[in-house]
Structures are given as structure tokens and as C-alpha cells.
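Q: need a structure here:
(chains A, B, C and D)
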Protein chains: 2
Amino acid sequence: MTYSYEYPHPAVTVDVIVFTVEEERLKVLLIRRGQEPFKGQWAIPGGFVGIDESLKRAAWRELKEETGVRAALLQQLGAFGRPDRDPRERIITVAYYALVAREKLTFRAGSDADDARLFALSDLPVLASDHGKILQRAAERLRQQLQDVTVPLQLLPTEFTMAQLQQVHECILGRKLDKRNFRKKMKSSGLFEATGEQRRTGSHRPAALYRVTRSANVLLR
Amino acid sequence: MTYSYEYPHPAVTVDVIVFTVEEERLKVLLIRRGQEPFKGQWAIPGGFVGIDESLKRAAWRELKEETGVRAALLQQLGAFGRPDRDPRERIITVAYYALVAREKLTFRAGSDADDARLFALSDLPVLASDHGKILQRAAERLRQQLQDVTVPLQLLPTEFTMAQLQQVHECILGRKLDKRNFRKKMKSSGLFEATGEQRRTGSHRPAALYRVTRSANVLLR
DNA sequence: GCAAAAGTGTTTGAGGTACACCCATGC
DNA sequence: GCATGGGTGTACCTCAAACACTTTTGC
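A: As a prediction, this is how the structure comes out:
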């Protein structure tokens, strides 16, 4: 079965950049391509958009296929379409990025991937095609979005310490923040409440646990 | 001649939203479609992406075809691809937006358009397909971008009065600004210098003309 | 008692907002 | 001389940034 058109048509894919935080670093999920083109190179996971599938739906499908995740912050980064970005045929990709808490994330080498791994953003391998540029743009966008205090919550479990929350902000921004200023700002946002519980880890004072307040939770979709 | 593929391929277009300021209002260029689908309806101008043409290049080409403009601020808004957005076949569009000074802008009904006109953003007609939603998103994005003081300069001639500059800010933001605060901010940006010339219009004190300083001009690309 | 992370307030500077009057011109 | 838009300065408030010590725990 073939599909014919009067004019040449490009193929359209979605690529999904999965951001997470692990070992106090911002990381992205990459796959090692098992097939040509770019066989053996690391790449952003993605796939073709179904002919009757919306772009967003295709992105959700890819996210779920690659990571098992059904709910996350998933937003469009933009379209990338240099004519030479794929040697087989003209492929235009629409990139999405997702924020997923590490413990919600499962992944494995799949049908078209030899391997799948998290890479720290500061320690990326050489990437297939223009994926390096796409990742760079995604990281910029993520940093911009951080002014929205709710964004990093996607990267944390439902209960977390202020130190954890600050750590997430820091590794996205790529710089240290002042503890007192940070807590003041979080407190004044009114989004968080103490659970009353504490977390003991190591030989030091235990940390209070926080959660998102019920009202704020609604805003997170 | 036909082009055949093993899997169905969508068509890809670029749509270019041309923003300008006229009569103290933010306007966009729309065309009235001369052909089906959506014949007779107003739409954002656009066209198919050449199979060997980058997305940005296609956007520049469309901008030039529709308006004669070769230089402007032209940025990608994003991809829109609901499967039902065109009845002929699956069409995914990549929307760009451009800021063009009114006096650089020429347009006329073209090959596929019965008519072409500027519409105030606050007074849009019913639009074809999902173009209403695309425009709405473009306007939001433009407002965000306004924090960059250089952006509205694209909408003005090289010499302009402070009142004009303020007027552009106001109609993009959709609200009045305080004259003294506005001038203070512009002055402190260091981007502008008085030309020494004045403009006399009507029975009142003439306005000083300003231009972008040589050094700042470089930053605008 | 000591190492290690949790927790807590105050001061300062920059930038945004509010606000009212005189100036130069055409008629 | 009056109507019209051009042009100017000060006071206040908010928010971000800098900065150091005490608390609680495990060993």
C-alpha cells in the first residue's frame, strides 16, 4: 500500500524531551538509535505523527511509550525543519518537553533503541542530527518557565522538603540560591503547606515535609 | 507527476501573522480566501513549505510574497496540527509572526486571495479553521515579548517621537501607560538618542524626534 | 562534642507606580 | 487667549539580593 500526492510531502514526527532530576542534577532521557539513520548515536525519543492524530496526542503517546508516564507537564517547544536534518527524506519534527518526577519514570531500550539512559544536561553525548540544538532550546525555555513557581513541582513527589524544592530550582537555573530568600519566596507564594511530618536522613536535624495546598493543586491542571 | 510514500504524510504549511500598528491600533494582515476550502473566509496568509526549504525560509518567502517586506522581526510561534483543521487533507501548519512598520508594508489581493486587509486585533472577523486560536496565541506571545524594549521599534520608522513609541507599547499591551514613567524607562534603557529634529503636527508644541543609537541598532540584528 | 544539614530576619538598592503642572505651538 | 498635545520630577512601595548564626540530630 502506498500513499500518493500531487506534491511532495514531508514526514512529520514528534520528539519528546523528558526532563527529570536525579542525583541533584537536571537530566534528559535519551535513546541510542538501533537503526539507520544515526545508528548508534544518542537521540531524543520520538516518532511519526499518525495521520489522524493531533500533535499533542502524538506527544502524549510517545511519552507514554517511552516512559510509562500518563500525566506530566507537557508543552510544545516548536517545530524544527531544516531540510537536511534527516538523510532518508524530509522530516519536520515538532518538539515537546515534559517534566517528570524521577520515581514516576520507567524506561528501557525499545523497538528502535539499543539503549535508553538519563544524561545530565551539563554532560551530554554527541547527538544525532539537530537534536543538540533542540535540547539547548528546550533548556532555555525551561529556565524561562521557572518563574512559574509551580513548574518544578512536576519534578518532585507529592511530599518534599524545602531543601529538595530548592535543589530542583537550582539545578534548572544552574546556580545556587540563597536559602533564606528562597524559603521566604516559597512561603509568600502560599502554594505550600507543612504536612506536619518530618524526614530524617543522616546525622542532622530532620527536615519538615511540605505538600502543595489543595487549592493550588487545582491550578496545576 | 505524483509522489508516493509507504505511509501517509501530512502536508505542511507556514502561516505568517503580520503585526503592524495603524491608526493607533495593533493590527494584523488577513486575506480573504479565494478558493475552497474556507472560500470567502478571512485567514492568516500562508502557503506550503517547499520540500527542500527550511521552515524559516518558507516563512520569509511568504512574508515577502504577501507584503514585499524583506527585513523584519520574524519568529516562530509554534506548530498547529489538529487533524480536522483542513477538510482536504491533513495539514500541519507552523505559524510565524512578524512585526512590520506600517509604511514598509504593501499588500494586495494575490493569486489565492480575493482581498487583503488589516484588521484591528480587537475587531477581528470570523476566521477560517483554527486561525482564530492561532492569532490569539500570537497576541499573547507578542505581549510577553514586549518586556524586550527593542521589540516595538520594529513597528516604527527610524525616526519617531516618544509619544509614538508609547502609543505602540500601549496598543500592544492594551492599556494606557504613564507618560513620565514611560519616558524615564526609555531614557534609562540607553537605546535612544534625540536626533535634534522636531516634528510639528497640529496646533501644539512640536515633538522631539528620536532614533535608536548606533550601538543598540546592532543588537536588533 | 562534633559534624552536618535544617531553620530563621533584617538591611539595602533597584525598579515600578502614582501623581500635577508648565511649555510651545496654531488658530 | 485658548485649546492641544509635548515635556518634566518626586515620593512611595514592592521585590530581589546580600548576609550569619542557632537548632536538631546521629555518631
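Q: okay, helices next: where are they in chain A?
A: A:55-67, A:131-145, A:162-173, A:179-189, A:214-219 (DSSP state H).
Q: just want the angle from the third one to helix A:131-145.
A: Put plainly, it is helix A:162-173. 130 degrees (axes from the mean of the first three to the mean of the last three Cα atoms, to 10 degrees).
Q: just the C-alpha atoms of helix A:162-173, please, in PDB.
A: Taking Å, rounded to 0.1, in the frame of the first residue of the first chain, the C-alpha atoms of helix A:162-173 are listed here in PDB:
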ATOM      1  CA  MET A 162      12.200  22.800  51.200                       C
ATOM      2  CA  ALA A 163      15.800  21.700  50.500                       C
ATOM      3  CA  GLN A 164      14.600  19.400  47.800                       C
ATOM      4  CA  LEU A 165      12.500  22.100  46.200                       C
ATOM      5  CA  GLN A 166      15.300  24.500  46.300                       C
ATOM      6  CA  GLN A 167      17.600  21.900  44.800                       C
ATOM      7  CA  VAL A 168      15.300  21.500  41.800                       C
ATOM      8  CA  HIS A 169      15.200  25.200  41.200                       C
ATOM      9  CA  GLU A 170      19.000  25.300  41.500                       C
ATOM     10  CA  CYS A 171      19.700  22.600  39.000                       C
ATOM     11  CA  ILE A 172      17.300  24.000  36.500                       C
ATOM     12  CA  LEU A 173      18.700  27.500  36.800                       C
END
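Q: quick one: average confidence on it?
A: On average, the pLDDT along helix A:162-173 is 95.
Q: angle of that helix against helix A:179-189?
A: 100 degrees.
Q: ok, the strand ranked longest in chain A: who's next to it in the sheet?
A: For chain A, the longest strand by residue count, based on DSSP state E, is strand A:11-22. According to DSSP bridges, strand A:11-22 forms sheet pairs with strand A:25-33 (antiparallel), strand A:46-48 (antiparallel), strand A:91-99 (parallel).
Q: in a markdown table: those, plus mean neighbour count.
A: Quick note: C-beta positions are derived from backbone N, CA and C, even for glycine. Formatted as a markdown table, these follow (neighbours: other Cβ atoms under 10 Å in any protein chain shown):
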| stretch | mean neighbour count |
| --- | --- |
| strand A:25-33 | 21 |
| strand A:46-48 | 20 |
| strand A:91-99 | 25 |
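Q: DNA strand D is nearest to which of these?
A: Taking Cβ to the nearest atom of the strand, strand A:25-33 is the member of these nearest to DNA strand D, at 19.3 Å.
Q: neighbouring contacts of the closest one?
A: With Cβ atoms under 8 Å, 6 or more residues apart in numbering or on different chains as the test, strand A:25-33 has contacts from A:17-21, A:39-45, A:66-67, A:105, A:107, A:109-110, A:112-122, A:124-125, A:127-128, A:135, A:138-139, A:171-172.
Q: before we move on, back to that, between the helices of chain A, which one is closest to residue B:202.
A: Evaluated over these, closeness to residue B:202 peaks at helix A:131-145, with 43.1 Å, by Cβ to Cβ.
Q: and DNA strand D, is that closest one touching that?
A: No: using Cβ under 7 Å from any atom of the strand, helix A:131-145 never reaches DNA strand D; the gap is at least 13.3 Å.
Q: for that helix, buried residues please.
A: Buried positions in helix A:131-145, judged by neighbour count with 16 or more other Cβ atoms under 10 Å in any protein chain shown: A:131, A:134, A:135, A:137, A:138, A:139, A:141, A:142, A:145.
Q: what does stretch A:121-130 give?
A: Quick answer for stretch A:121-130 (16+ other Cβ under 10 Å): A:121, A:124, A:127, A:128, A:129, A:130.
Q: low-confidence stretches in chain A?
A: The model of chain A has pLDDT under 70 over residues A:216-221.
Q: let's see that with 80 instead.
A: Within chain A, the ranges that satisfy pLDDT under 80 run A:110-111, A:214-221.
Q: up against DNA strand D, what does it have?
A: Residues of chain A lying near DNA strand D (Cβ under 7 Å from any atom of the strand): A:178, A:179, A:180, A:181, A:185, A:200, A:202, A:203, A:204, A:205, A:206.
Q: of those, which pair is most distant in space?
A: A:185 and A:203, at 29.3 Å, using Cβ to Cβ across the residues of chain A next to DNA strand D.
Q: compare these two (neighbour count), which wins?
A: residue A:185 (13 against 5; other Cβ atoms under 10 Å in any protein chain shown).
Q: how about the contacts made by the more buried one?
A: With Cβ under 8 Å, 6+ apart, residue A:185 has these contacts: residue A:149.
Q: tell me how far stretch A:113-122 lies from the chain's centre.
A: 12 Å (Cα atoms, centre = their mean, to the nearest Å).
Q: do stretch A:33-50 as well
A: With Cα atoms, centre = their mean, you get 17 Å for stretch A:33-50.
Q: output it as PDB, restricted to C-alpha atoms.
A: In PDB, the C-alpha atoms belonging to stretch A:33-50 read as follows (Å, rounded to 0.1, in the frame of the first residue of the first chain):
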ATOM      1  CA  ARG A  33      19.300   4.600  18.000                       C
ATOM      2  CA  GLY A  34      19.300   1.000  16.900                       C
ATOM      3  CA  GLN A  35      18.700   1.700  13.300                       C
ATOM      4  CA  GLU A  36      19.900   3.900  10.500                       C
ATOM      5  CA  PRO A  37      20.000   6.800  10.100                       C
ATOM      6  CA  PHE A  38      22.200   7.900  13.000                       C
ATOM      7  CA  LYS A  39      22.500   4.300  14.200                       C
ATOM      8  CA  GLY A  40      24.500   4.100  17.400                       C
ATOM      9  CA  GLN A  41      24.000   7.800  18.200                       C
ATOM     10  CA  TRP A  42      22.100   9.200  21.100                       C
ATOM     11  CA  ALA A  43      18.800  11.000  20.200                       C
ATOM     12  CA  ILE A  44      15.700  12.500  21.700                       C
ATOM     13  CA  PRO A  45      13.000   9.800  21.700                       C
ATOM     14  CA  GLY A  46      10.200  10.400  19.200                       C
ATOM     15  CA  GLY A  47       8.200   9.000  16.400                       C
ATOM     16  CA  PHE A  48       5.900   9.700  13.500                       C
ATOM     17  CA  VAL A  49       2.700  11.500  13.900                       C
ATOM     18  CA  GLY A  50      -0.300   9.400  12.900                       C
END
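Q: and it, what's buried?
A: Buried-residue list, stretch A:33-50, by 16+ other Cβ under 10 Å: A:33, A:38, A:41, A:42, A:43, A:44, A:45, A:46, A:47, A:48, A:49, A:50.
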